[in-house]
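In: any chance you can model this:
(one chain, ligands or ions: 2)
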Amino acid sequence: MPKKEKLSCTRKSPYVVLGRFVQRNHPVIFSKLYNFLDATKDFAVNINYNIRIGKRSPIRKGKVLDTLTFSLTNVCNASCIFCPYELLHDKKEFMKFPVFKKALDQFIEQGGKHVSFTPIFGEALLDNDLFNKINYCKKKGVNDIFLFTNGILLNKNYKQIVDSGLDKLIISFSEFDSKKYCEVYRVTQKVHKELIEGLEKLLKYNEKKGHKVHITLALRPSSVPKNVMKNSFFVNNLKKYLDDVAVMTIFNSHNGKIKQENLKGVMRIKRPFRNKNYPCVMLYEMVTLLPNGDVKLCGCTFHKTLNEFVIGNINDQDIFNIYNGDKANNLRKNFKNNPLCKKCTIYKPYRK
Ligand code: SF4
Ligand code: SF4
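Out: Ligands and ions are numbered 1, 2, ... in the order given. As a prediction, this is how the structure comes out:
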């Protein structure tokens, strides 16, 4: 069955290819090299900031919001060692359809194009209304719908995922060794077994249906990634159906909530970016809707609650005005004083 035309450019620069090679074969050397190059980049970015970027205003006005992330729930069925989910004590909830519909209508109206159904800390497949929401997006003409899942419920949902109209799916996974997987995702071996069954069914069903969904397997292994990818079941039954295999061995510390001693094997914590002189890209490009209709900037981590960085609620104001409003611009302007950003390890300066 021919593959659906690739949704993203698959041609990689030689540096990316080399980086991936080192990460897969020598992950510990990769993390040292990565952190060293990151420090060099930190220095270069600051020179660049002082010469060019610093003259620009961090204020945004009248800009269309291009991508909206629906954080459908803050309930998860795993408890990964690299995630602070267990430390989040917000009320557990799911986004109701009317809240989703109102936000999506506003988002489309102002010219939005890309939709993500990836919760900040939670599992989207636990939302019984997920496929109705995807269908509604399709009806409204959204043709880039993205979902990130831990895959635990694939066995139950694989047909609906393929037939729903979803465009891109990323499945977070650790490795095929059941014991090691369970150490990282902190679930039972039965869950791991069902996940692999579901993954195989999903990939084969997607192929049977003409490769409707672009599927990436995102490995977060504690073993050397090259060895994970040598697994005979992966090589013989899964690899040929996948569009991409991504590897992550360096992790956000979530403001010190995750420490090196929490991680296993080749997993490493990312070094903090030292001189943060310009607002982070996430204050411009990542806008997340919470289940109660609150709109927040960023959505990568939290200090005490997910309600940090809230810039408005879709019941009081439309999303375009919220995104370009005073609350959002004040956060961008005063970003240096924000305790969450001060310690964040995944800061990236906004340069456009
Ligand atoms: S990383 Fe994702 S799957 Fe793992 S505990 Fe956090 S929210 Fe759940
Ligand atoms: S520095 Fe970290 S917390 Fe602050 S906006 Fe960027 S990603 Fe979010």
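In: now do the SS call for residue 81.
Out: Assigned with DSSP: H, G, I helix; E, B strand; the rest coil, residue 81 falls in the coil class.
In: from here on, count from 38
Out: Right, with 38 as the first residue, what we last looked at is residue 118.
In: residues near it, how many?
Out: Residue 118: 17 surrounding residues under other CB atoms under 10 Å. For glycine as for every other residue, the C-beta is placed from the backbone atoms N, C-alpha and C.
In: tell me who's in contact with it.
Out: If a contact means CB atoms under 8 Å, 6 or more residues apart in numbering, then residue 118 has 220-221, 223, 295, 299-301, 304 as its contacts.
In: now do 10 Å
Out: 211, 220-223, 257, 259, 288, 295, 299-301, 304 (CB atoms under 10 Å, 6 or more residues apart in numbering).
In: separate out the buried members of those residues.
Out: Neighbour counting over the contacts of residue 118 (16 or more other CB atoms under 10 Å) leaves 211, 221-222, 257, 259, 288, 295, 299-300, 304 as the buried ones.
In: other SSEs contacting the lengthiest helix in the chain?
Out: Ordering each helix of the chain by length in residues (DSSP state H) puts helix 64-88 first. Counting contacts by 3 or more CB pairs under 10 Å, 6 or more residues apart in numbering; DSSP states H and E, helix 64-88 is packed against helix 51-62, helix 262-265, strand 287-288, strand 305-306.
In: just send those back as JSON lines, with distance to ligand 1 and mean pLDDT too.
Out: Compiled in JSON lines, these are given as follows (distance: least, CB to the nearest ligand atom, whole Å; pLDDT from 0 to 100):
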{"stretch": "helix 51-62", "distance to ligand 1": "19", "mean pLDDT": "81"}
{"stretch": "helix 262-265", "distance to ligand 1": "18", "mean pLDDT": "93"}
{"stretch": "strand 287-288", "distance to ligand 1": "10", "mean pLDDT": "93"}
{"stretch": "strand 305-306", "distance to ligand 1": "15", "mean pLDDT": "92"}
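In: so which of the ones you listed gets nearest residue 272?
Out: Within the helices and strands packed on helix 64-88, the stretch nearest residue 272 is helix 262-265; the backing value is 10.9 Å (CB to CB).
In: can you list contacts of the closest one?
Out: 57-58, 60-64, 67, 210-214, 217, 256, 258-259, 271, 282-286, 303.
In: now swap in stretch 236-248 and tell me
Out: Contacts of stretch 236-248 (CB under 10 Å, 6+ apart): 38-43, 188, 191-192, 194-196, 198-200, 206, 208, 210, 249-252, 254, 270-271, 274-280.
In: run through the residues that contact the residue of the stretch 138-287 of the chain found nearest ligand 2.
Out: Closest residue of the stretch 138-287 of the chain to ligand 2, CB to the nearest ligand atom: residue 157 (10.8 Å). Contacts for residue 157 (CB under 10 Å, 6+ apart) come out as 106, 108-111, 122, 125, 323, 325, 327, 333, 335-339, 343.
In: looks like residue 296 contacts residue 289 (just checking).
Out: No. Contact between residue 296 and residue 289 fails when scored by CB atoms under 10 Å: they sit 11.8 Å apart.
In: anything in contact with each of those two?
Out: With CB under 10 Å, 6+ apart as the test, residue 296 and residue 289 both reach residue 306.
In: the more surrounded of those two?
Out: Neighbours were counted for residue 296 and for residue 289 using other CB under 10 Å; residue 289 has more, 18 against 10.
In: ok so, going back, so of the buried ones among the contacts of residue 118, which ones are in strands?
Out: Among the buried ones among the contacts of residue 118, the ones falling in strands (DSSP state E) are residue 288.
In: farthest pair in the buried ones among the contacts of residue 118?
Out: Applying CB to CB across these, the maximum distance is between 211 and 295, 15.5 Å.
In: start and end of stretch 160-170, how far apart?
Out: With CA to CA, to the nearest Å as the measure, stretch 160-170 spans 15 Å from end to end.
In: so for that stretch, what gets flagged as buried?
Out: Buried residues in stretch 160-170, counted by 16+ other CB under 10 Å: 160-164, 167-168, 170.
In: that stretch: how far from the chain's middle?
Out: How far stretch 160-170 lies from its chain's middle: 17 Å, per CA atoms, centre = their mean, to the nearest Å.
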